[in-house]
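Peer 1: my questions are about this predicted structure, shown below with the sequence.
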Amino acid sequence: MNIQLMYDRISNKKDLIRQLKEQLLSMEGFSSGSVSRRLDFGLGPMNAAFPGGTFPIGSIHELVSPTEADAAAANGFLAGLLSTLMGQSGICLWISVGRKLFPPALKFFGIEPHRVIFVDVKLKKDGLWVMEQALKCTALSAVVAELREVSFAESRRLQLAVEDSRVTGFLHRIRPVSQATLACVSRWKISPQPSHSNGLPGVGFSRVQVELEKIRNGRPGSWQFEWRKGRFLFVPAKRPAALTAESAKNNLDSNKASTKMKAG
């Protein structure tokens, strides 16, 4: 068989498989843009948890914060994602019922506050309406809504709104009463962690524990990240020093006991 013909057949099969995967992901709630467009968010090993090996854009993501401390950590993690999504010229719409975000703090994550349009509403239904309309606007890079309670039907409308626009949406639920399943493609819980200064004076770099509780067609997991020099830095898990010392002591005792038994 002609080598060129064989190569063309293999290439055609790869293209067919890729197209089938994209169609399946689309049926799972991912827009085609969430797979074909790849952005480097600096999430390192977490990318293996996502379908297609990259953070899904053009979809709705849910963040759940049981406490105010968790909400602050989640907003920081969210700002880090937005800095990549927005790039150098993108615009984000931030909707809140009782906003608590301090806009100038966004500069810490490389986002100029004037590139974020804040919409403060009094009622949840108004916030949902604004978010649904904003998600249909292709001029926006992302839409964030801080809403306490959202039903499955309401989240389904939001997911349908992004299928054509490919705008990425985030639902941040602060101190929600219910933990009902939504139509979002993922659910996150972000918790603050003690910073590490590497022995230097002053406060260390911000750290958060990122729990991916649900991801369609992916693998949930937990990771720790540090925000340093405008990017996320994955922090490998380390065994506590106390456990390491205890294990070393147990091994030493076992070796001594084994030596005595052999000597006896």
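Peer 2: Perfect, thanks for sending it. Residues are numbered from 1 along each chain as shown.
Peer 1: where does the chain have low pLDDT?
Peer 2: 1-37, 198-202, 238-264 (pLDDT under 70).
Peer 1: where along the stretch 101-250 of the chain do the strands fall?
Peer 2: Shown for the stretch 101-250 of the chain, the strands assigned by DSSP state E, counting those that start in this stretch span residues 116-120, 142-146, 168-174, 186-196, 205-215, 221-228, 231-234.
Peer 1: what's the most buried one of those?
Peer 2: Sort these by mean neighbour count, taking mean count of other C-beta atoms under 10 Å, and strand 142-146 sits at the top with a mean of 26. Any C-beta I mention is one placed from the backbone N, CA and C, and that applies to glycine too.
Peer 1: pairing partners for that one, with directions?
Peer 2: strand 92-96 (parallel), strand 168-174 (parallel) (DSSP bridges).
Peer 1: and the shortest one, how far from the chain's centre?
Peer 2: Same thing as strand 92-96. 17 Å (C-alpha atoms, centre = their mean, to the nearest Å).
Peer 1: and it with strand 116-120, angle?
Peer 2: 20 degrees (axes from the mean of the first three to the mean of the last three C-alpha atoms, to 10 degrees).
Peer 1: what sits up against strand 92-96?
Peer 2: Contacts with strand 92-96, where a contact means C-beta atoms under 8 Å, 6 or more residues apart in numbering, come from 82, 85-86, 101, 111, 115-121, 127, 130-131, 134, 140-147.
Peer 1: how about stretch 69-83?
Peer 2: By C-beta under 8 Å, 6+ apart, stretch 69-83 touches 41, 55, 63, 65, 92, 100-101, 105-106, 108-111, 141-142, 144, 170, 172, 174-175, 188-192, 206, 208, 210, 225, 227, 230-232.
Peer 1: one more pass at 7 Å, please.
Peer 2: The contact list for stretch 69-83 (C-beta atoms under 7 Å, 6 or more residues apart in numbering) reads 41, 63, 65, 92, 101, 106, 109-111, 142, 144, 170, 172, 174, 190-192, 206, 208, 210, 227, 232.
Peer 1: next one: the closest residue to T54 other than its chain neighbours from A79, what distance?
Peer 2: Nearest residue to T54 in three dimensions, chain neighbours excluded: R38, at 4.7 Å (C-beta to C-beta, 6 or more residues apart in numbering). Using C-beta to C-beta, to the nearest Å, one obtains 21 Å as the distance from R38 to A79.
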